[in-house]
Structure formats: C-alpha cells, structure tokens
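>>> only geometry, no sequence info:
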Ligand SMILES: *Cc1c(COP(=O)(O)O)cnc(C)c1O
C-alpha cells in the first residue's frame with residue numbers, strides 16, 4: 001500500500017488544483033467541512049444575486065409583466081438546455097420542472113404507453129426508494145402492469161429483461177454505495193430487447209461527465225439540488241430523446257404542457273417538443289436560484305471535475321482505511337474509481353451516532369439506514385485539505401469513543 005501523504009503534501013495538491021478558484025464562489029460557513037453536496041449542494045453568491053434580482057426587481061417592480069419582460073416563461077427550457085450541456089443532451093431535449101419523483105411518474109407512464117404490448121417495469125431492488133414507490137404507483141393505475149426488481153427477482157438487470165419488459169428504470173449512480181453503471185452498454189442491451197430505458201441521474205448530473213445522446217438513451221430524470229447546487233427543493237429535470245417527442249403522452253396534462261397555453265382552448269393538445277412534460281405554473285424563484293447555480297457550471301471542465309472527484313475519493317478511502325479500520329469502519333464503495341460516482345460510503349453498526357458526532361465537529365456527511373456513513377465529494381468546493389481533516393476528525397471520534405455520548409443517539413426526522 002502507498003504510504004500515507006502528510007498534511008504538507010496534501011496542501012501542495014490544493015495549490016496545483018485547477019478547480020481551486022471555484023470555492024470562493026460558494027457561500028460556505030467557516031469551520032465546516034461539507035461532504036454532503038450529494039444530498040444538498042452548497043449555496044453560491046450567484047444564487048443569492050439571482051434570487052434577490054428575481055424577488056425584489058422582477059416580482060417587486062415588474063409584477064406580472066415579468067413573465068414576458070424577464071423571460072420567466074422560458075426558464076424551464078432555457079435551464080433545461082443548460083443542464084443538457086452537462087449531461088450530453090443536445091438542445092430541445094431537456095426541461096426543468098417538478099420533482100424527480102413526479103418526473104419518474106411522467107416518464108414511466110410515457111414509456112409504458114409507447115410499448116402497449118408489454119407490461120413489465122424493471123427496476124433495482126436497492127434503488128432510491130422514491131423511484132420504486134413511484135413505479136408502484138404507476139403500476140397500480142395500469143391494469144396488468146407489474147414490477148420486476150433486480151436483487152429480488154434475479155441478480156442482475158440483464159437477467160430480468162425479456163420481451164414482456166416495456167421499460168427499465170435505473171439509477172446511473174447508486175445513492176447508497178456509489179456504484180456507477182455503464183450507461184452506454186446497458187442502454188444498448190435494454191434496447192436490443194425492445195424495451196425503453198429511463199436513467200435516473202440524481203447522483204451523476206454535476207458529479208461526472210454524462211453522455212445521454214452518445215448512449216442513445218430514451219429518457220432521463222434527475223434533481224438539481226444535489227451536485228448542481230440549485231437549492232433546497234429546486235426543480236428537477238426530464239430528458240427525452242428527440243426521436244420520441246411525437247409519441248410521448250404523459251398523464252399530467254396541465255396547461256403548461258399545452259401547445260398554446262394562452263389560447264385557453266377546450267381540450268388538451270400537447271406541445272410538440274419537450275415542453276409537453278410541463279404540467280402547471282413553474283416555481284420562478286426556485287428556477288432563478290437554479291439559474292444562478294448553473295452560471296457556475298458554465299465555466300466547469302467536466303473532465304477536470306471528474307479527475308478531482310476521483311482523487312478526493314481515493315484519498316479519503318486511503319486515509320480512513322489506514323486510520324479507522326481498526327474501529328470497525330468498513331468500506332461499502334468500490335475501490336475501482338471507474339465504477340464509482342462521486343461519493344464514498346462506509347458502514348459501521350453505530351453509523352448514526354458517529355455521523356452525529358462528526359456533524360457536531362463541523363464535518364457534515366450523512367447517514368443512510370441501517371448503517372451507512374455517506375460522504376459526498378463535490379470538487380468545486382471541497383479541497384484535499386478538507387478530506388485530510390475529515391479523516392482526522394473521524395479517527396479522533398472513533399479512537400476516543402466520543403460518539404457514545406447519549407446526545408448522539410437521538411434521531412432527527414431528516415438524516
Ligand atoms: C435524491 C433522489 C431523488 C429525490 O426525489 P425528489 O422527488 O426530488 O424528492 C430521487 N431519486 C434518486 C435516485 C435520488 O437520489
């Protein structure tokens with residue numbers, strides 16, 4: 001095993017980091033090492049400026065005129081195209097709207113309607129739960145449709161695919177252990193059987209280079225409040241390949257998805273393009289926060305981002321394994337960086353208490369039941385020094401047993 005780097009060597013890595021200038025664009029509190037940008041991304045000064053402008057000027061002074069004069073009406077498409085650049089989607093295929101859960105509902109229905117002679121949805125048993133909850137909800141409204149799960153009905157997605165499968169809903173990166181799927185290969189395999197694929201990019205958009213068009217994906221969904229830093233509850237996105245636009249029918253046929261919303265016609269006639277995935281009036285203040293967040297992404301080289309993400313994650317694994325393994329912390333993420341997203345997970349029977357003790361010391365990660373300590377690495381605002389300090393604090397908490405204090409065992413609503 002390589003010898004452990006010391007703090008001086010680590011500070012030298014920060015000196016030569018090509019992304020180091022991005023950190024000052026974020027409004028992080030001092031004394032905090034933030035390793036939870038995979039759950040809620042950090043706020044940036046650009047976000048505050050956009051929200052202030054949108055609230056005080058455009059709403060305050062412009063009032064209803066701002067739907068036109070400030071471009072509010074076009075924000076879902078404009079921001080969709082900007083996210084599209086980060087996920088390998090050419091213009092006109094991505095729209096920002098609603099939540100990921102709702103977008104899963106819309107895309108699953110659309111895909112099932114495009115494969116009327118098939119009745120199976122395939123998903124992952126260890127998927128982020130809302131994906132499965134929504135799939136159950138969709139199945140409950142379509143007689144005969146059933147759900148097949150990887151890890152329950154067979155070991156792999158490939159084994160579950162046959163000519164009864166209409167659509168496969170897959171996470172690009174697993175939320176808990178960080179496993180990264182091969183999008184191009186799996187898409188090809190799924191489409192060869194005649195099924196459609198929906199990629200959930202919640203843990204890959206803004207975390208690593210994604211190439212939806214290159215992989216010939218059918219649909220994708222994802223949220224903008226994790227790696228993209230759009231703010232708590234920021235609206236999510238939907239991608240649908242151009243070739244499908246004519247065939248898409250989604251059940252939430254609200255007026256914003258209509259071809260002519262302000263004609264106030266009787267009867268729904270869906271927009272010919274990606275707008276048909278909209279339902280009702282969009283949250284403009286949240287969209288403007290996201291616009292501020294995305295202005296930072298316009299300057300990011302995704303390959304440099306990926307390189308740093310891997311280096312941060314590798315360093316954390318190396319330090320924690322060397323210093324903390326003796327206390328029962330076990331790596332739950334692959335060591336193979338090509339098969340990993342931008343997070344590292346460890347398990348420990350007292351993971352919850354240990355994470356609370358870390359947070360009290362200013363090292364913010366999160367806990368996922370039953371025993372996962374999860375750490376996200378967001379290269380725009382996390383330094384190598386942060387990683388070194390986080391591992392040191394974790395070692396101190398474990399070696400001193402300070403996590404055993406009663407107060408760390410009290411469970412909050414959100415973990
Ligand atoms: C975070 C996350 C979601 C969140 O869905 P919301 O509707 O935004 O609450 C869904 N799926 C995955 C895979 C996630 O990681």
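Thanks, I have the structure now. Given the structure is predicted, the values throughout are model-derived calculations rather than measurements.

>>> hey, where'd the strands end up in the stretch 301-415 of the chain?
For the stretch 301-415 of the chain, the strands defined by DSSP state E, counting those that start in this stretch cover 330-331, 343-347, 363-364, 366-368, 372-376.

>>> Mean pLDDT and mean neighbour count for these - can I get that in CSV?
For the C-beta atoms, the positions are set from N, CA and C on the backbone; glycine is no exception. As requested, those are exported to CSV (pLDDT from 0 to 100; neighbours: other CB atoms under 10 Å):
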stretch, mean pLDDT, mean neighbour count
strand 330-331, 98, 14
strand 343-347, 98, 25
strand 363-364, 98, 22
strand 366-368, 94, 20
strand 372-376, 97, 26
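
>>> so can I have a markdown table of these showing distance to residue 64?
Below are those laid out as a markdown table (distance: least, CB to CB, whole Å):
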| stretch | distance to residue 64 |
| --- | --- |
| strand 330-331 | 55 |
| strand 343-347 | 43 |
| strand 363-364 | 40 |
| strand 366-368 | 41 |
| strand 372-376 | 40 |
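
>>> Tell me which of those approaches residue 194 most closely.
Across these, the minimum distance to residue 194, taken as CB to CB, is reached by strand 343-347, at 33.8 Å.

>>> Show residues contacting the closest one.
Here strand 343-347 makes contact (CB atoms under 8 Å, 6 or more residues apart in numbering) with 38, 173, 176-178, 203, 313, 316-317, 320, 324, 329-333, 368, 371-377.

>>> partner strands of that strand, parallel or antiparallel?
Strand pairing for strand 343-347, using DSSP bridges, gives strand 330-331 (antiparallel), strand 372-376 (antiparallel).

>>> which one of these lies closest to the ligand?
Among those, strand 372-376 comes nearest to the ligand, with 11.1 Å by CB to the nearest ligand atom.

>>> does the ligand sit close to the closest one?
No. Using CB under 6 Å from any ligand atom, strand 372-376 never reaches the ligand; the gap is at least 11.1 Å.

>>> ok, now which ones touch the residue minimising distance to the centre of the chain?
In the chain, the centroid-proximal residue (CA atoms, centre = their mean) is residue 202; its distance is 2.1 Å. Neighbouring residues of residue 202 by CB under 8 Å, 6+ apart: 100, 128, 171, 173, 175, 221, 222, 223, 226.

>>> try 6 Å
Neighbour list for residue 202: 100, 222, 223 [criterion: CB atoms under 6 Å, 6 or more residues apart in numbering].

>>> What about the ligand: which of the residues you listed touch it?
Filtering the contacts of residue 202 for neighbours of the ligand using CB under 6 Å from any ligand atom leaves 100, 223.

>>> which one of the contacts of residue 202 sits closest to residue 61?
Nearest to residue 61 among those is residue 223, at 31.6 Å by CB to CB.

>>> so what are the domain limits for this protein?
Using automatic domain parsing, the domain ranges for the chain come out as 7-30+301-409, 49-299.

>>> if we compare those domains, which one ends up closest to residue 43?
Residue 43 sits nearest to domain 7-30+301-409 of all the domains of the chain, at 4.8 Å, using CB to CB.

>>> Distance across that closest one, terminal residue to terminal residue?
End-to-end distance for domain 7-30+301-409, by CA to CA, to the nearest Å: 32 Å.

>>> same deal with stretch 317-331?
This stretch, stretch 317-331, spans 8 Å end to end (CA to CA).

>>> what comes up buried for it?
By neighbour count on 16 or more other CB atoms under 10 Å, the buried set for stretch 317-331 is 317, 318, 319, 320, 321, 323, 324, 327, 329.

>>> Looking at these, spot the one nearest the ligand.
Of these, the one sitting nearest to the ligand (CB to the nearest ligand atom) turns out to be residue 317, at 21.5 Å.

>>> any idea how far the closest residue to that closest one other than its chain neighbours is from residue 321?
Spatial nearest neighbour of residue 317, chain neighbours left out: residue 344 (5.8 Å); criterion: CB to CB, 6 or more residues apart in numbering. Residue 344 is 10 Å from residue 321, where distance means CB to CB, to the nearest Å.

>>> And for residue 56?
Applying CB to CB, the value for residue 56 to residue 321 is 50 Å.

>>> Output the set of residues of this structure in proximity to the ligand.
Within the chain, the positions near the ligand by CB under 6 Å from any ligand atom are 99-101, 128, 130-131, 171, 175, 200, 202-203, 223, 236.

>>> Turn these into TSV, columns for pLDDT.
Shown next, in TSV, are the residues of the chain next to the ligand (pLDDT from 0 to 100):
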residue	pLDDT
99	98
100	98
101	98
128	97
130	98
131	98
171	98
175	96
200	98
202	98
203	98
223	97
236	98
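
>>> from these, which would you call buried?
Neighbour-count burial (16+ other CB under 10 Å) is assigned, among the residues of the chain next to the ligand, to 99, 100, 101, 128, 131, 171, 175, 200, 202, 203, 223, 236.

>>> And for the helix or strand hosting residue 184, what's in contact with it?
Applying DSSP states H and E as the criterion places residue 184 in helix 183-192. For helix 183-192, the surrounding residues in contact (CB under 6 Å, 6+ apart) are 168, 197, 215, 216, 217.

>>> So which of those residues sit within helices?
Among the contacts of helix 183-192, DSSP state H puts none in helices.

>>> Output these in a markdown table; the columns should cover pLDDT and neighbour count.
A markdown table is the format used below for the contacts of helix 183-192 (pLDDT from 0 to 100; neighbours: other CB under 10 Å):
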| residue | pLDDT | neighbour count |
| --- | --- | --- |
| 168 | 98 | 28 |
| 197 | 99 | 24 |
| 215 | 98 | 19 |
| 216 | 98 | 15 |
| 217 | 99 | 29 |
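
>>> Looking at those, which are in strands?
Members of the contacts of helix 183-192 lying in strands (criterion: DSSP state E): 168, 197.

>>> Kindly indicate which of the contacts of helix 183-192 lies nearest residue 265.
Each of those was checked against residue 265 using CB to CB; the closest is residue 217, at 33.1 Å.

>>> Let me see the contact set for that closest one.
By CB under 6 Å, 6+ apart, residue 217 lies in contact with 187, 199.

>>> give me that answer again for 10 Å
Counting by CB atoms under 10 Å, 6 or more residues apart in numbering, residue 217 touches 87-89, 93, 172, 183-184, 186-187, 190-191, 196-199, 201, 210-211, 239-241.
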